[in-house]
Structures are given as C-alpha cells and as structure tokens.
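S.K.: Kindly return the folded structure for what I paste below:
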Amino acid sequence: MSSAAKRAILSGLRLTSLRVRLVVVFALVALTAAVSASGIAYWLNREAVLTRTQDAALDDFRQDMQNRAAALPPRPTQYELEKTAQQMAGGGDGYNVLLIGERAAGKPIVGASNRDAFTLDDVPPRLREAVDKRQDLSAGNSAPYHLYWLRTERGGEPYLVGGTRIIGGGPTGYVFKSLEQERQDLNSLAWSLGIATLLALVGSALLAQAAATTVLKPVHRLGEAARRLGEGKLDTRLRVSGTDELAELARTFNKTAESLEKKVADMSAREESSRRFVADMSHELRTPMTALTAVTEVLEDEADGLDPMIAPAVQLVVSETRRLGDLVENLMEVTRFDAGTARLVLDDVDVADQVTACIDARAWLDAVELDAERGIMARLDPRRLDVILANLIGNALKHGGSPVRVSVRPLDGEGAPHGSDELLIEVRDHGPGIPEEVLPHVFDRFYKASASRPRSDGSGLGLSIAMENAHIHGGDITASNSPDGDGAIFALRLPRDASTLSGASDGGDERREDGGDGPGGRDGRRAGHHEGDEGVDGQ
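M.R.: Numbering: from 1, shown residues only. The predicted structure is shown next:
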C-alpha cells in the first residue's frame, strides 16, 4: 500500500473517529449484553434439561427398584436378575439397568439388561462405594441406603449413572442413561443463542450508525459553521430545530456569531475611522510642512550670518522641523500599509551595490563595515530595500555601538526555511544589546524601551516600517542579541525573486501614491542629519 493511500485511510479514520467510537461502544455494549443474556439463558436451559431428564430417569429407576427388584427372592438366579433388569430397562434406547445379587453368602451374581451396553466396569468406583455404604439411622435419616447418581462420559458421550440397593438384603441396582440427545438439544440451543447474539451485534452496529449519524450530523454542521466563522464569514448561522442539547448549542453558536459580527463590525469601523483620520491628518500636514521645510532650508543656509544668540534657536527649529517632516512621511507610509495600498516596483539589483549606496548616501562609510560580495543579484524593490537598510543600520548606529557590521549572503533552497532561494542581510552592532523584555516589542509602533525617556530623536516607527517593507517582499526581520553578549543582531530575510508576489509590478521609477518621497528619500538622504528612521530607544 502506498504512503498516499495510508495517509488517506488515516485521514478518513480521523474524520470519523467519533463515529467509529460510537459504533464500537454500541457494539461492545450490545455484545456484552447479548453474550451475558445468552450465557445465562444457556446455563438455565442446560440445568433445566439435564435436571428434568435426570429426575425422570431416577424416579423411574427408583419406582422399578421398589416394584420389581424388591419382589425378587433373597437368593435370585442370574436369569431372574437379567429378566428383571430387562423389564426395568423396558427396551428403551440409552436406558440400561444392572442388578447385583447373591446366590450364596459372599458369591455375587450380576444381571444386566444389555451386557454389551452396560457392565459393572462402567460404574465409577466412588459411586459404588457410596451406594454400598450403610448410613446410620437418626431422626433426620430413616433409611440406611439412598439413591446416588453422577454424570460421566464414555467414549466422549455423556451418561447419567445412578444406583441404590434394596433394604433388607435385596439386590443392588444401577441405571445407565445416555444424555446424548440432551447434549444435541443443548448444542442446538447454543447455536441458536450464538446466531441471536450475532444478529444483536449487527443490529446494534446499525442502530449505532443511525444514532451516530443523528448526533454527528449537527456536530458536523457546527464544525463547518465554526470553520467558516474562522475564515471571516461572520454572517454564518445555523438552522435551529428541536429543543434538545444540540439545538441549544446551535442557538448559543448563533448568538456568539451575532455578537462577534457586531463587535468586529464596530472595531472595523473604528479602525477605518482611525486610519482615515491619520491619513487625512498626514495629507493636511504636508502643505504646511512643505512651507516650513522651505523656510528651514533658508534659515539653515543663513545660519552662519545669524546672531550667535539666535543661532541655537534656529538650529533647534531646523532639527525639529525635519523631525516633524519625517514623522509625517512615516505616518503616511504606515497608512498605506494599513490600507493595503502599498505596492512593489521591482527591479534587478546588485545587493552589495544597493547596501553601499545606502551607506554612502547617509555618510556612514566610516562607521559601517560591509561584508558583501558583488554579483549577488535579487529582484526587489530598490526604494523599499533602501528604507529597510536605512532603518536597521541607523538604529544600530544610534542605539548600539560602532563598528556596525553589515553582511550579505545568499541562502539556497536547502538552507532557506521556505525551501526557496533567499537573501540574508545581517546588521550587527557592538553596543550593550537589547534587554530581553524589550526584544518582543522592538518592531511595535511607537514603542519606547525606557518609560523615563518618552521623547527621542526619532518617530518610533522606523523598525515597524522596515518590518512592513520586509513583509510586502515576502520576507521577515528578526532581532536577537549576539551569543557572546557583544551587541545586537538584526537579520533580514528576503526572497531572491519577489515577482511572484501579489501587488508587485515591474519597471520604471517608482512614484509615491501621493506624489512625494518616502522615508529615506530626499530628506532622509541628507548626510549627517538623518540616520535612518529610528525604532528602539534604549537599546
């Protein structure tokens, strides 16, 4: 059997495991009840049949011993014994009599109704001892001799052997009754009970199947409804019929789904309102920010000619204006990711050249060590890759420690976790590292590692935007501390070819959806003024 067939069988068993268990339990209960009932019935019938046959044979034998054997003379001849034994047996099949008398003191003679069918050797010794033993007379025992019997076998055929003797010196008699007919009747009864048990087992299995279908059909519908609800189809409802527990479960499911649909609708409405507010606010801020940026550029150009008392204030205005501009651009980028309108514009790039360009544009050549071979090609969005690198390297320079080392290496299909060719870019600093309690939150928006420093030079959105840009490429970013305790490591994994992703487009210079530059664009590339869109404050 192939592995696929085995998996299909195991899958089928898993899908019907509850049904199988119900059928098995029903069958076991029915089998136990049927076997118990059949066993009790067989035992009772067996005892009744054997007791009835046994009592009838022994009563006839006792009566004949009193009427016929007791009428024999004290010293009967062998002929008289055999004739009396034959009269007592009556010529019936399976019923033989043996009479033992004395023709003289100490000289026994034996008369049998059929010497070939029944002899004294067929009488068990312990029965003969019991028959010959004289009992003491008492208030509870009025006769010195009693009738004794036992069941035995000869040649595999069951027999009843009984014996007694005449009080006052009369002959001793034994009866030999075949029980073969009774055994055949009991065997027929056993077969009948076995067939009845088998029919009861089959019937219980059919009833269990019907019961399982009745019970599991609503459960299956409930499972399907739960699956559709988990897939986001919040309008899923179950048809309720009846008043049993399953109907009550369906009503509870419908109430839960209705409440969940209402809450999700409310949350979606609030989230959409919040996104629209942030987007509108960002767009509204761009016009005054454009004017402020132009003014600050003029002020910055005239900074050398300003009054020394005014120059610090002017520099503060210029710095804070740039920070506010970065925040607006970041907010607009975040709203595009939240709205699902962010798109990839792909191009074939040399990753080493792209990293070098990012470092050179921000005047980080002296602070960053690059370990990347030329010729590692990837089909990516160059602008978004630049945003990712600017945030990761800038974050390492700001919160870690120099030197910052950037390494680039390809991963083949076996080394890549998803089984396809990938690109691994690691950014490592030599700072104090990231506290363990901060690691799970480094990519959260506006997260500040230190509550005592709620204000920082960055927006707190840089690493979250880097993560979003990695996700839109089909990649991921992980943060960890160096095993030797010397700094933090940010590992970026990207596919070598993102053209298979939905939302990707080829060629041309990317134009922002709103017509402006993204993070790491014109303002972000001014050397010495903007070291990436910082994300972790307090590393």
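S.K.: what about the strands in this structure?
M.R.: 95-104, 107-112, 148-154, 157-165, 172-178, 344-350, 368-371, 377-380, 404-411, 422-428, 476-481, 488-495, 504-506 (DSSP state E).
S.K.: Export these to TSV and append columns for mean neighbour count.
M.R.: All C-beta spots, glycine's among them, are computed from the backbone N, C-alpha and C. As requested, those are exported to TSV (neighbours: other CB atoms under 10 Å):
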stretch	mean neighbour count
strand 95-104	22
strand 107-112	18
strand 148-154	14
strand 157-165	20
strand 172-178	25
strand 344-350	18
strand 368-371	16
strand 377-380	21
strand 404-411	18
strand 422-428	21
strand 476-481	18
strand 488-495	22
strand 504-506	14
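S.K.: which stretch among the ones you listed comes nearest L28?
M.R.: Nearest to L28 among the strands of the chain is strand 157-165 (34.6 Å), distances taken as CB to CB.
S.K.: Just the angle for the closest one relative to strand 172-178, thanks.
M.R.: Using axes from the mean of the first three to the mean of the last three CA atoms, to 10 degrees, one finds that strand 157-165 and strand 172-178 are set 160 degrees apart in direction.
S.K.: Given strand 157-165, what are its sheet partners and their directions?
M.R.: strand 148-154 (antiparallel), strand 172-178 (antiparallel) (DSSP bridges).
S.K.: Redo these as a markdown table? Include distance to S38 and mean pLDDT.
M.R.: Formatted as a markdown table, the entries for those read as follows, by distance: least, CB to CB, whole Å; pLDDT from 0 to 100:
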| stretch | distance to S38 | mean pLDDT |
| --- | --- | --- |
| strand 148-154 | 23 | 89 |
| strand 172-178 | 27 | 90 |
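S.K.: Which among these is found nearest to G401?
M.R.: Closest to G401 of the strands paired with strand 157-165, according to CB to CB: strand 148-154, at 100.8 Å.
S.K.: I figured N141 hits Q135, correct?
M.R.: Yes. N141 lies in contact with Q135 (CB atoms under 8 Å); the separation is 5.7 Å.
S.K.: Overlap in contacts, the two.
M.R.: Contact criterion CB atoms under 8 Å, 6 or more residues apart in numbering; no residue bridges N141 and Q135 by contacting each.
S.K.: What are the boundaries of the helices in the chain?
M.R.: Assigned by DSSP state H, the helices in the chain fall at 3-15, 17-67, 78-89, 125-132, 180-230, 245-301, 311-339, 351-361, 382-399, 462-472.
S.K.: Would you tell me which one of those helices is buried the most?
M.R.: For the helices of the chain, the largest average neighbour count (mean count of other CB atoms under 10 Å) is found in helix 382-399, namely a mean of 25.
S.K.: quick check: mean pLDDT across that one?
M.R.: Per-residue pLDDT values across helix 382-399 average out to 89.
S.K.: Give me the pLDDT for L13.
M.R.: 47.
S.K.: Test my guess that I359 contacts I393.
M.R.: Yes. Under the criterion of CB under 8 Å, I359 makes contact with I393 at 6.9 Å.
S.K.: Would you format the helices of the chain as CSV with distance to Y174 included?
M.R.: As requested, the helices of the chain are exported to CSV (distance: least, CB to CB, whole Å):
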stretch, distance to Y174
helix 3-15, 65
helix 17-67, 9
helix 78-89, 10
helix 125-132, 8
helix 180-230, 19
helix 245-301, 70
helix 311-339, 107
helix 351-361, 112
helix 382-399, 110
helix 462-472, 102
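S.K.: Please name whichever of those helices is nearest to A117.
M.R.: helix 78-89 (9.4 Å).
S.K.: which strands and helices sit next to that closest one?
M.R.: Under the contact criterion of 3 or more CB pairs under 8 Å, 6 or more residues apart in numbering; DSSP states H and E, the helices and strands touching helix 78-89 comprise helix 17-67, strand 95-104, strand 107-112.
S.K.: Need the residues that contact that helix.
M.R.: By CB under 8 Å, 6+ apart, the list of residues contacting helix 78-89 from outside reads 61, 64-65, 68-69, 72-73, 76, 95-101, 103, 109-114, 171, 173.
S.K.: Quick one: distance of that helix to the chain centre.
M.R.: Between the centre of helix 78-89 and the centre of its chain there are 82 Å (CA atoms, centre = their mean, to the nearest Å).
S.K.: rewinding a little: how about the strands of the chain in CSV, adding distance to E47?
M.R.: As requested, the strands of the chain are exported to CSV (distance: least, CB to CB, whole Å):
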stretch, distance to E47
strand 95-104, 21
strand 107-112, 31
strand 148-154, 12
strand 157-165, 14
strand 172-178, 17
strand 344-350, 90
strand 368-371, 95
strand 377-380, 91
strand 404-411, 82
strand 422-428, 82
strand 476-481, 80
strand 488-495, 82
strand 504-506, 88
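S.K.: out of those strands, nearest to F26?
M.R.: strand 157-165 (38.8 Å).
S.K.: so the closest one versus strand 95-104, what angle?
M.R.: Taking the same axes, to 10 degrees, one finds strand 157-165 and strand 95-104 inclined to each other by 40 degrees.
S.K.: so how far is stretch 113-132 off the chain centroid?
M.R.: Once both centres are worked out by CA atoms, centre = their mean, stretch 113-132 turns out to sit 71 Å from its chain's centre.
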